[in-house]
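Q: Starting from these lines, generate the structure:
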Amino acid sequence: MEPFTYYQPTSINFGEGRAREVGTIVSRYGRRCLLVTEPRTSSRGPAYEAAKESLRAAGVEAVHFDGVVPNPTVESVDQGAALARREKVDVVLGIGGGSSMDSAKAIAVGATHEGSVWDYLFFRPKQPTERTLPVVAVSTTSGTGSQVTQVAVVTESGSRTKSALYHSLLYPRACIVDPSLMATVPPHVTASTGFDAFCHAFEATLHPGCSPYISLLAGEAMRLVAANLERAIRNGADLAARAGMAWADTLAGLCIANAGVTLPHGIGMTISGACPRVMHGESLAVVYPEFVRFTWESAVGKFAAMARILDPRRGGLADREAAAAAGEAMDAFLHRIGMWLSLETLGATKTDIGFIADHSRDLPDYKNNPRIASREDIFAMLERSWRR
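A: You can find the predicted model right below:
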């Protein structure tokens, strides 16, 4: 067995009703809190008010920044950081999906460091320091895994560039994963985020940093998604299915925090940067059929395992036969969860295809793929994903 290292500093508080503990948990890290959310008029409004009441009961003052936008922009994060500085907060609480939790982590850096959060991307000379504020994350969707990762994704609107802060100081000190908060998530958002969780787990198994521990977590995450996602889409109030998806999301987040993602995420990030209204899970779904067909021969065992999880009828096939059928298994899964998408239906233009192909290798994710894609390979995949 090859040597490996696994690191996870986040305290995970999992279970139905755990959101009631948010005040007690936040009070361990500070007494003046910036609550980071989407607009308070959203469907999550009652959850935000409940969190404020819990904070007050624990003796924590709350300042509410409700300027989070989908695919968080540098501008919105910098606004939140400015408010945090003015109000002299000492802890940041992000409640929501990946956009809110990523914004909270980026704000924790921006509030205590000079310049813009864009200056602290993972490849910049400037990096977050110990001045970074502690973060507590409460997830309300099951997909991004941000509650247990050291990543905060942000978009620079002017250049349509989506990138990330990446540093161990961005791990939330604690997270709450309460499946009851996810019961009202709409079916399409459930499908999109759930597919993202599946991709995190699967791509972690392909990553060069995969270890026996990651393989264990990822396999369980994929099985949980296959068993629970369709149920959660059909009936959002099915708390057993929601719990299964919430645990799958958390496991998949633990996987990418210690291994990482591969080619589809680099392409997907670029798609969402070019087309900000496209959800991350949608950008993955649109490229996955082509990615599977492009890559499977370079990782036969991993694709065979994935095919058997998505389609148990492949269980009796030899690895190569099962892996060769992975594309069909993926297509069928996307159809079942309502995520059989095209770039055209997502609103991308033909010009966008060239831009996306040009920039999908700006992030290093493509280097982790078992088969390295050229710009031309990516362009061909995007062209075949244009209309379905």
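
Q: And M339, how far from A108?
A: Separation of M339 from A108 (Cβ to Cβ, to the nearest Å): 32 Å. From N, CA and C alone the C-beta is placed, and that goes for glycine too.

Q: So which of the two has more stuff around it?
A: Counted by other Cβ atoms under 10 Å, M339 and A108 do not tie: A108 has more neighbours, with 31 against 21.

Q: Which SSE is immediately downstream of the host helix or strand of that one?
A: Assignment of secondary structure by DSSP states H and E places A108 within helix 98-110. Using DSSP H and E, the helix or strand that follows helix 98-110 in sequence is strand 135-139.

Q: Work out the sheet partners of that following strand and label each with its direction, please.
A: Sheet pairing for strand 135-139, assigned by DSSP bridges, gives strand 91-96 (parallel), strand 174-177 (parallel).

Q: will you turn these into a markdown table that also has mean pLDDT and distance to A329?
A: Shown next, in a markdown table, are the strands paired with strand 135-139 (pLDDT from 0 to 100; distance: least, Cβ to Cβ, whole Å):
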| stretch | mean pLDDT | distance to A329 |
| --- | --- | --- |
| strand 91-96 | 98 | 32 |
| strand 174-177 | 98 | 28 |
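
Q: ranking the ones you listed by burial, who's on top?
A: When you average the neighbours per residue for each of the strands paired with strand 135-139 (mean count of other Cβ atoms under 10 Å), strand 91-96 leads with a mean of 29.

Q: Name the single longest helix found in the chain.
A: Scanning the chain for the helix with the most residues, using DSSP state H, yields helix 212-234.

Q: Please identify the buried residues of that one?
A: Neighbour-count burial for helix 212-234 flags 214-215, 217-222, 224-226, 228-230, 232-233 (criterion: 16 or more other Cβ atoms under 10 Å).

Q: Mind checking what secondary structure the nearest residue in space to S43 that is not next to it in sequence has?
A: Distance criterion Cβ to Cβ, 6 or more residues apart in numbering; nearest residue to S43, sequence neighbours excluded, is T184 at 6.2 Å. Secondary structure for T184, judged by DSSP: H, G, I helix; E, B strand; the rest coil, is coil.

Q: And L254, by the same measure?
A: Three-state call for L254 (three-state DSSP): helix.

Q: Name the nearest residue to R173, ignoring sequence neighbours.
A: Among residues not flanking R173 along the chain, P134 sits closest, at 4.7 Å (Cβ to Cβ, 6+ apart).

Q: ok, so what distance separates that neighbour from L229?
A: Distance of P134 to L229, computed by Cβ to Cβ: 33 Å.

Q: One more: D358?
A: From D358 across to L229, the span is 33 Å (Cβ to Cβ).

Q: ok, back up a step: pull the CA atoms of the helix holding A108 into PDB?
A: Extracted in PDB, the C-alpha atoms of helix 98-110 (Å, rounded to 0.1, in the frame of the first residue of the first chain):
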ATOM      1  CA  GLY A  98     -21.800  26.600  -2.100                       C
ATOM      2  CA  SER A  99     -22.200  30.300  -3.100                       C
ATOM      3  CA  SER A 100     -22.900  31.400   0.500                       C
ATOM      4  CA  MET A 101     -20.200  29.100   2.100                       C
ATOM      5  CA  ASP A 102     -17.600  30.100  -0.500                       C
ATOM      6  CA  SER A 103     -18.400  33.700   0.000                       C
ATOM      7  CA  ALA A 104     -18.100  33.400   3.700                       C
ATOM      8  CA  LYS A 105     -14.600  31.900   3.400                       C
ATOM      9  CA  ALA A 106     -13.400  34.500   0.900                       C
ATOM     10  CA  ILE A 107     -14.800  37.300   3.100                       C
ATOM     11  CA  ALA A 108     -12.900  35.900   6.100                       C
ATOM     12  CA  VAL A 109      -9.700  36.600   4.100                       C
ATOM     13  CA  GLY A 110     -10.800  39.900   2.500                       C
END
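
Q: Report the inter-axis angle for it versus strand 135-139.
A: 180 degrees (axes from the mean of the first three to the mean of the last three Cα atoms, to 10 degrees).

Q: Distance from the chain centre to helix 98-110, please.
A: Distance of helix 98-110 from the chain centroid (Cα atoms, centre = their mean, to the nearest Å) equals 13 Å.

Q: and if you look at stretch 82-92?
A: What separates the centre of stretch 82-92 from the centre of its chain is 25 Å, taken as Cα atoms, centre = their mean.

Q: What are the buried residues along that stretch?
A: Burial within stretch 82-92, assessed by neighbour count using 16+ other Cβ under 10 Å, is assigned to L83, A84, E87, V89, D90, V91, V92.
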